[in-house]
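Novice: can't give you the sequence, but here's the structure:
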């Protein structure tokens, strides 16, 4: 059984920072891509960032480029999303996901999903 569990969400003021974690268990994800998506109320789930576990190449949505950093600790089987300069429009439930495909920007690329963690940014 593969499990992903996010943590680190919370309430923060605009301009603040949060670090989300995604702990993976059940198998080694060295050959998987890790993605972060978010979903705000009434909106579709959207891509935020992705990277492969095996190398440092990362991909970002234009809306978060320069503010968010995705990285992982292979030894801990854990991925992270460092979020800085947060804006009210970043408010959403954030999900981590893992998959073997290379279409990093789409939800269908990912086979496994965490339950999500809420991020709220106040103005």
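Specialist: Cool, got the structure. Given the structure is predicted, the values throughout are model-derived calculations rather than measurements. Residues are numbered from 1 along each chain as shown.
Novice: Low-confidence stretches in the chain?
Specialist: 1, 30, 53-54, 56 (pLDDT under 70).
Novice: could you pull out the helices for this structure?
Specialist: Using DSSP state H, no helices are found in the chain.
Novice: centroid residue for it?
Specialist: residue 36 (2.4 Å; CA atoms, centre = their mean).
Novice: Could you give the bridge partners of that one?
Specialist: Beta-bridge pairing of residue 36 under DSSP bridges involves residue 49, residue 96.
Novice: number of nearby residues for residue 24?
Specialist: Look at residue 24: counted by other CB atoms under 10 Å, it has 23 neighbours. Every C-beta, even on glycine, is put in place using the N, C-alpha and C of the backbone.
Novice: cool, residue 102 as well?
Specialist: 9.
Novice: can you check residue 113 too?
Specialist: 18.
Novice: Touching, it and residue 4? I think so.
Specialist: Yes: shown here, residue 113 and residue 4 form a contact pair, counting by CB atoms under 8 Å, at 6.4 Å.
Novice: coming back round to it: next one: the residue nearest to the centre of the chain relative to residue 26, how far apart?
Specialist: 19 Å (CB to CB, to the nearest Å).
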